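Visitor: make a model of this:
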Amino acid sequence: MANASVIANHTAIASVGDGNGVLRVYSVDIYGGIRETGYNGSGESWWGGDKAIGTGKIGSPIAVAASPGLKNICLYYINADFKLSELCYDADSSSKGWFAGELSSKGYQVAPYSQIAATYLATSQLRIRVYVQAPDNTVQEYSNDGSWYKDQSLGTAIAGSSISVIAYKGLATSIRLYYQAPNLDLIEKAHDDGSTWKTGEFYVKSASPRAAISATVWTVPGNTGTGIRVYYTGPNDTILEKANDGSWYDGGFKQASIPGSQIGSLSWYASSTKAPEIRVYFQAGVQVTGITEWKWQGGLGAWNIGHQPALPPATQ
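Guide: I've put the predicted structure just below:
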């Protein structure tokens with residue numbers, strides 16, 4: 001039986017949901033194995049985390065992209081040859097489990113310290129964007145609009161920068177990309193349909209080197225309203241929040257993490273409460289390397305600790 005000690009210190013954390021409370025959280029174990037932990041909705045128990053579903057290099061970053069309803073889930077990681085790799089799950093072919101995606105055969109080389117971000121675009125077609133750090137430290141976009149190709153180069157980041165991306169449909173089909181610039185500022189690159197990439201309005205000045213970054217977005221059904229939250233490492237390993245409900249401001253989330261913890265986050269708009277639900281995942285030292293969950297339930301209007309003591313495979 002696995003326990004939290006198999007989860008790597010400073011593990012990458014990737015999280016995704018179906019928009020109705022079904023959640024998936026991915027982490028990396030001490031052998032480079034990628035582990036999946038899941039929650040199937042209200043009244044259910046957290047499960048999984050006891051075995052690897054794939055294997056990357058030791059300390060591999062991971063990113064996850066999922067289509068609506070978690071029908072298609074794609075995981076991105078770095079293999080032992082420092083090449084970008086893809087692991088896929090198709091709910092319509094669930095009997096075959098996880099399988100290697102087309103991207104794994106492309107041989108895209110990344111910086112040994114690269115992090116990864118990934119998203120499906122908010123379109124009716126299945127279109128994916130993946131972001132990594134190239135060997136020259138630029139942030140490189142790879143795109144799949146039916147097959148994979150090398151896309152835009154989006155500026156230079158600090159070596160080993162965290163990378164996070166969101167995509168949503170508001171007034172336009174939009175992408176927002178977050179990383180740490182060489183001057184240590186956390187910055188945003190923005191793309192909207194019909195325009196080119198530009199620098200966005202988000203920034204955190206002189207953040208900690210290699211600060212963790214995790215962005216999430218929700219949209220309000222029936223209109224163009226969106227909410228964006230960015231979680232990042234602040235002073236003294238405290239995880240802080242920037243929020244945008246029309247313009248950027250400092251959010252209220254403030255929690256201590258272990259030094260070097262990574263962050264995962266997800267959100268959705270709950271029709272029952274007509275308010276957002278947010279989940280944030282990081283290592284806070286519970287069972288040493290267990291992954292802690294915090295949750296914002298918009299109907300309550302407050303942050304609360306989530307599943308305790310920590311997500312599986314932590315001892316429950």
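
Visitor: name the nearest residue to N236, sequence neighbours excluded.
Guide: Once flanking residues are discounted, N236 sits nearest to A256: 7.7 Å by Cβ to Cβ, 6 or more residues apart in numbering. Bear in mind the C-beta positions are built from the backbone N, C-alpha and C, glycine included.

Visitor: what bridges to that neighbour?
Guide: T238 (DSSP bridges).

Visitor: look at it and say how many residues are nearby.
Guide: 12 (other Cβ atoms under 10 Å).

Visitor: quick check, it in contact with T238.
Guide: Yes: counting by Cβ atoms under 8 Å, A256 touches T238, with 5.7 Å between them.

Visitor: just say helix, strand or coil for the nearest residue to G234 once chain neighbours are set aside.
Guide: Spatial nearest neighbour of G234, chain neighbours left out: L240 (4.0 Å); criterion: Cβ to Cβ, 6+ apart. L240 carries the three-state label strand when classified by DSSP: H, G, I helix; E, B strand; the rest coil.

Visitor: OK, contacts around the closest residue in space to S147 that isn't next to it in sequence?
Guide: In space, S147 comes closest to E102 once its chain neighbours are excluded; the distance is 7.0 Å by Cβ to Cβ, 6+ apart. Contact analysis of E102 by Cβ atoms under 8 Å, 6 or more residues apart in numbering lists 86, 144, 147-148.

Visitor: verify the stated contact: the residue nearest to G234 with Y231.
Guide: Yes: between L240 and Y231 there is a contact under Cβ under 8 Å: 7.2 Å.

Visitor: the two: which is more packed in?
Guide: Each of L240 and Y231 has its neighbours counted (other Cβ under 10 Å); Y231 has more, 26 against 19.

Visitor: just checking, that one touches S214?
Guide: Yes: contact criterion Cβ under 8 Å: Y231 and S214 qualify, at 4.8 Å.

Visitor: any shared contact partners between these two?
Guide: Common contact partners of Y231 and S214 (Cβ under 8 Å, 6+ apart): 263, 265, 280.

Visitor: give me the number of residues near the first one?
Guide: So that's I263. 24.

Visitor: start and end of stretch 306-316, how far apart?
Guide: Stretch 306-316 has an end-to-end distance of 13 Å (Cα to Cα, to the nearest Å).

Visitor: buried stuff in that stretch?
Guide: 306-307, 310-314 (16 or more other Cβ atoms under 10 Å).

Visitor: kindly report the same for stretch 239-247.
Guide: Using 16+ other Cβ under 10 Å as the test for burial, stretch 239-247 gives 239-242, 244.

Visitor: return the closest of those with respect to W218.
Guide: Nearest to W218 out of the buried residues of stretch 239-247 is N244 (Cβ to Cβ; 11.4 Å).
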